[in-house]
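# 3D model of this:
(chains A, B and C)
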Amino acid sequence: MDIREGLGYTKTHEWVLREGDLAKVGITAVAAEQLGEIVYVEPPEEGSHLTRDEEAGIIESVKAASPLYAPLSGEVTEVNSTLEDSPEAVNEAPYENYLYILRMDDPDEWDGLMGPEDYRKFCEEEEE
Amino acid sequence: MADQVIFDKSRPGRRGFIFDPETVPGVTGTEGIDLRDLRKDAPRLPQISELELVRHYTNLSRKNFGVDVGFYPLGSCTMKYNPKVNEKTAGFAGFTNLHPLQDEADTQGTLELMQSLKEGLCEVTGMKEGTLSPFAGAQGEFTGMKLFKAYFRDRGESGRTRILVPDSSHGTNPASAHIAGFEVVELPSNREGLIDPAEVARHCDERLAGIMMTNPNTLGLFESEILTIAGMVHQAGGLLYYDGANFNAIMGKAKPGNMGFDCVHLNLHKTFSTPHGGGGPGAGPVLVGEKLSPYLPEPVTERKDGKVGFAPPRRKSIGRVSGFYGNVGVLVRAFTYLLANGGDGLTAVSEMAVLNAAYLKKQLKHLIEIPYGRKCMHEFVLSAQTLKEETGISALDIAKGLLERGIHPPTIYFPLNVKEALMVEPTETESREILDTLVEALKEIVALARENPAELKASPRNTWVGRVDEVLAARKPRVNHFSE
Amino acid sequence: MARYFPHTGEEVRQMLEVLGSSRVEELFSDIPEDIRSTASLNLSSGLAEYRVEKELSRLSEMNRTGKVCFLGCGAYDHVIPAVVSALASRGEYLTSYTPYQPEISQGVLQTIFEFQTMMAELTGLEVSNASLYDGATAAAEAAVMALNSSAKADTILYSEGLHPAIKQVLATFFYDQPVKLEELPVQAGLVDLKALSSRLDETVAGVLIQSPNIYGLIEPIRDISGLAHEAGALSLVSANPLSLGLLTPPGEQGADIAVGDTQPLGLPLNYGGPSAGFIAATKPLLRKLPGRIVGETVDTRGRRAYVLTLQAREQHIKRQRATSNICSNQALAAVMNTVYLAAVGPEGLKEAALQSSAKARYLARKLKEILGAGIVGGESFFNEFTLDLPCPAAEFNRFMGEQGFLAGVDLKKLQTGTPGNLLTVAVTEKRTLEELDRYVAEAAAFMHHREGKRG
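Model prediction:
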């Protein structure tokens, strides 16, 4: 299982990289594998405000259209536009291809995310 | 030539069908129309002779598999033989030349047919009234869910927002409930593949609107606890919805009305032999008991003073679900089937459907895993999970292997609660020899899976096209021949 | 009695033996006693095929289809080339299932791809789906798309000029949903642009109109689209597809989504069904289109092939999160439409549209004179026009019916509250000059008869 250090994780398989008060969000290798070949990404709109756990977009493969969930609350400052033409980049390198960046409303929410070890355990339990 | 689209065959100036060039004295067709509203560029429709046209679509049809071509054991779809007499009767000019807005005095034949069909369907299902207008099963479900909504609103119980759905249900069930505005709760099937009353009990509170089920369920198993479940749901103030997709198993044997269902939809293109047509038109009539009758959408036919007409719209009706009266041409076919079979015939249909499935299941039992041990009815589910783990060959590969052997595969990856699922429904119109060919083909495929899986991965090799790139189609969708 | 299953008594016995059972009834033992039917079904016995045919024939003859048809309002008596049913009734098209296994379904898939292309061409929009149930439900689906395209807007404005059944279907569809449906009044039969302009704001997701509308009139689509877009709403147009052989397509007039019913394109009247609904949209809306879509791709050997695509959006994958629950389309109807459009070609379609339009004008002018009737909205109609009669439409219809004419639709029958003197008359290329002149003659007789009664 490809799980990286230094990231926060959600139960819905998003990873988060903290950069000051900004948070870069993507989906994990586990999610990418479950989805299969990704055909389309619909990230949240730039400038929109997200609340933690609310639906923040869709990621589509041939067999499933999965909602993305906001790991934290905040305003979306940037969206990775290269994914529009090359959604397969998420399969190739899920941790190098973020979906969007948001400015955190409340840095304390960060503590609500899982660390790499807890995420690993969570994934193992889910498999059973 | 063989792979061309019709547009490739177009040649400027060629004509197929010619209209009688009748000119009208003193007037042209464009007078009074603002110039800007007149089309400048003709649409790029093909310009082609009639023979070219006939060859194109005839050759295309030959690249297509249908029940008329071969065995189609698609679980949950009931791909039975579509009798040709249905086409004949549906083509009678007295039916086809009727405009929907003609006075009822002019349309007594079709109205009588619709009323009689409805009465027949009510008898077979044990229900009281109904509407024939939903265009398909999914729309029937949507209509049913709207009926539930109206019923609860009328009783001041709009807080009943939850619909329970088995995890084995057809995707349209939760989708229909959701679109109608309900919250969907999935119930896990137990080890036997059935719904446990205890699971239902957990949700029997004031938020319960009801439960959507099919019986036998998508695993082909009869939900034997249905009366208990019905009692619980009714006791808690909810309603029961019957998805009629699997009705081919129980005609003359049991009636959803006697199982406690308040609302039933039937798929006439499944159980009642109307052709699938490559994906429609079908019909999904909705039949109800007393509770939901006041909310039926218009039009509802009724007998009055020796005639048949459309009843005045019910005061509490949910409105309309179709522009006119539904797929009437399909209803004519279903009624033809009903007359041809009668009560005895329909009962025999279910008996033979179940016999065929049980026989097939017995022959396949030791070949591919069957996850549930109970007696199957008209369909059963195989799981290729073990085979996949051992050989890498999945349900998809098995399906492609069957295509290569001239048999349409069973439904794959459904129901969702079985891994690497293959849902097999032979229907009653197949002979024993045909069933045996499926058994032989699967034996070959399983052997190949162990000996030479690469061959299976490459199949089908003898069909008009091989496996297609679905990822490309979804990433860079090209849905119009003229797009860049 | 018909018997479509092959089993002989002996075969049944043998198969039961394989199962270790002696009676077929044992196969149903999982059905609890208290549910098991004890009596046989209360239906008459099955009939032999020719008796079935005879009974259906008897019923069909109870219908009166001999009158000359001038009824429209969503279903039209157009000419249908023989090739349409000849090709669509081929068993490979007729008896196939949804093309989920593309390798053996290229016939249906390619035909539907051609249908999608043709509908895109007709509507002037870039993408079309594989068809929906009918025109009315397609309009509801367009409204859903508009609502899904906006984060906040919750209102759909629709024109009074929509077919009443579409209004009812919309109301039923959105019953109990957090969606507002508001009717825009018409002015002289057309959308009241001032009313539209003053109502538009950020709460509106889409503006839905029909053109030609229920009175037969061509709406100012360009102006309506412009106003909608200024307010950030989508422009939704329900159109008669055959009219698009002559009229400027909605896509060239700012429409974002075009819908309608394909019955005029080669499908018989059939008492209202089956037909197919179509939905076409601008490219950016592709992924929001409901229902099935066929896409072009390649197979393992690089050959061009067709496949159902964007299925993740459909109900069978998205389940609870589906934007629409539609499962089947009306594939066979769409196949018939495709054959029709290929048979008539661009010239033929224009010819059918022009003749329909010319003949409608001919009749309208004469009736206006003979009946002393006004034409709602003037002469800016396609092949349908609404007469403002000096008497109840029902009275006129009764008289004309006795003379063998289905003279027109009494709009009051479609929607209560409508004045009772409005008659919508539809004329197609199928109507001959002789039939038109006879209609006029009978209308004159009606007036004479009326005056005689009064005198």
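# that's a strand at B:Val69, yeah?
No - using DSSP: H, G, I helix; E, B strand; the rest coil, the assignment for B:Val69 is coil, not a strand.
# that one contacts C:Arg90, correct?
No - the pair B:Val69 / C:Arg90 is not scored as a contact, 10.6 Å apart, by CB atoms under 8 Å. Quick note: C-beta positions are derived from backbone N, CA and C, even for glycine.
# the two: who's more crowded?
C:Arg90 (20 against 17; other CB atoms under 10 Å in any protein chain shown).
# check chain A for the residue nearest chain C and tell me.
Residue nearest to chain C within chain A: A:Ala65 (3.8 Å; CB to the nearest CB).
# which residues touch the nearest residue to C:Leu59 once chain neighbours are set aside?
Among residues not flanking C:Leu59 along the chain, B:Gly109 sits closest, at 4.2 Å (CB to CB, 6 or more residues apart in numbering or on different chains). Taking CB atoms under 8 Å, 6 or more residues apart in numbering or on different chains, we find B:Gly109 in contact with B:Gly94, B:Phe95, C:Arg58, C:Leu59, C:Ser60, C:Glu61, C:Met62, C:Asn63.
# of these, just say which sits nearest to chain A.
Nearest member of these to chain A, counting by CB to the nearest CB, is B:Phe95, at 41.3 Å.
# where's that closest one, which helix or strand?
Counting by DSSP states H and E, the element that carries B:Phe95 is helix B:93-96.
# check which residues of that helix are buried.
Buried residues in helix B:93-96, counting neighbours by 16 or more other CB atoms under 10 Å in any protein chain shown, are found at B:Gly94, B:Phe95, B:Thr96.
# and B:Lys88, how many neighbours?
With other CB under 10 Å as criterion, B:Lys88 counts 16.
# picking that back up, for the residue of chain A closest to chain C, grab phi and psi.
Reported as degrees, to the nearest 10, the phi and psi values for A:Ala65 are phi -120, psi 100.
# which strand residues bridge it?
Beta-bridge partners recorded for A:Ala65 (DSSP bridges): A:Glu60.
# my guess is it meets C:Ala312, correct?
Yes - between A:Ala65 and C:Ala312 there is a contact at 3.8 Å, judged by CB under 8 Å.
# more neighbours: the two, which one.
Between A:Ala65 and C:Ala312, counted using other CB under 10 Å, the more crowded position is A:Ala65 (25 against 22).
# where's that one relative to C:Pro390, distance?
59 Å (CB to CB, to the nearest Å).
# domain map for chain B?
B:1-30+B:45-63, B:86-340, B:346-475 (automatic domain parsing).
# now the second one: mean pLDDT?
Looking at domain B:86-340 alone, the average pLDDT works out to 96.
# ok, now the shortest one?
The average of the pLDDT scores along domain B:1-30+B:45-63 is 93.
# show me what the strand or helix carrying B:Leu472 is packed against.
B:Leu472 is part of helix B:470-475, with elements assigned from DSSP H and E. Judged by 3 or more CB pairs under 8 Å, 6 or more residues apart in numbering or on different chains; DSSP states H and E, helix B:470-475 is in contact with strand A:38-42, strand C:294-298.
# give me the most central residue, chain C.
C:Asp261 (2.7 Å; CA atoms, centre = their mean).
# OK, contacts around that residue?
By CB under 8 Å, 6+ apart, the contact list for C:Asp261 reads B:Gly323, C:Gly74, C:Asp134, C:Gly135, C:Ala136, C:Ala138, C:Asn240, C:Pro241, C:Ser275, C:Ala276, C:Gly277, C:Phe278.
# the closest residue to it other than its chain neighbours and B:Pro188: what is the separation?
In space, and not counting its chain neighbours, C:Asp261 is closest to C:Gly135: 2.9 Å by CB to CB, 6+ apart. For C:Gly135, the distance to B:Pro188 equals 41 Å [CB to CB].
# those two: who's more crowded?
Neighbours per residue, other CB under 10 Å: of C:Gly135 and B:Pro188, the larger number sits with C:Gly135, 31 against 11.
# any idea how far the longest strand along chain C is from the middle of the chain?
Using DSSP state E to define each element, chain C has its longest strand at strand C:204-210. Offset of strand C:204-210 from its chain centre (CA atoms, centre = their mean, to the nearest Å): 19 Å.
# same question for stretch B:285-294.
Worked out by CA atoms, centre = their mean, stretch B:285-294 lies 21 Å from the chain centre.
# same question for stretch B:274-293.
With CA atoms, centre = their mean, you get 9 Å for stretch B:274-293.
# hmm, that stretch touching chain C?
Yes - using CB under 8 Å from any CB of the partner chain, stretch B:274-293 reaches chain C at B:Pro275, B:His276, B:Gly277, B:Gly278, B:Gly279, B:Gly280, B:Pro281, B:Gly282.
# ok, back up a step: among the domains of chain B, show me which one is buried the most.
Of those, the one with the most neighbours on average (mean count of other CB atoms under 10 Å in any protein chain shown) is domain B:86-340, at a mean of 23.
# got the end-to-end distance for that domain?
10 Å (CA to CA, to the nearest Å).
# cool, stretch B:283-299 as well?
15 Å.
# returning to what we had before: dump the contacts of C:Asp261 to JSON lines, plus secondary structure.
JSON lines is the format used below for the contacts of C:Asp261 (three-state DSSP):
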{"residue": "B:Gly323", "secondary structure": "coil"}
{"residue": "C:Gly74", "secondary structure": "coil"}
{"residue": "C:Asp134", "secondary structure": "coil"}
{"residue": "C:Gly135", "secondary structure": "helix"}
{"residue": "C:Ala136", "secondary structure": "helix"}
{"residue": "C:Ala138", "secondary structure": "helix"}
{"residue": "C:Asn240", "secondary structure": "coil"}
{"residue": "C:Pro241", "secondary structure": "helix"}
{"residue": "C:Ser275", "secondary structure": "coil"}
{"residue": "C:Ala276", "secondary structure": "coil"}
{"residue": "C:Gly277", "secondary structure": "strand"}
{"residue": "C:Phe278", "secondary structure": "strand"}
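# of those residues, which is the nearest to C:Glu395?
Closest approach to C:Glu395 among those (CB to CB): C:Gly74, at 23.8 Å.
# any idea how far that closest one lies from chain A?
Relative to chain A, C:Gly74 is positioned 34 Å away (criterion: CB to the nearest CB, to the nearest Å).
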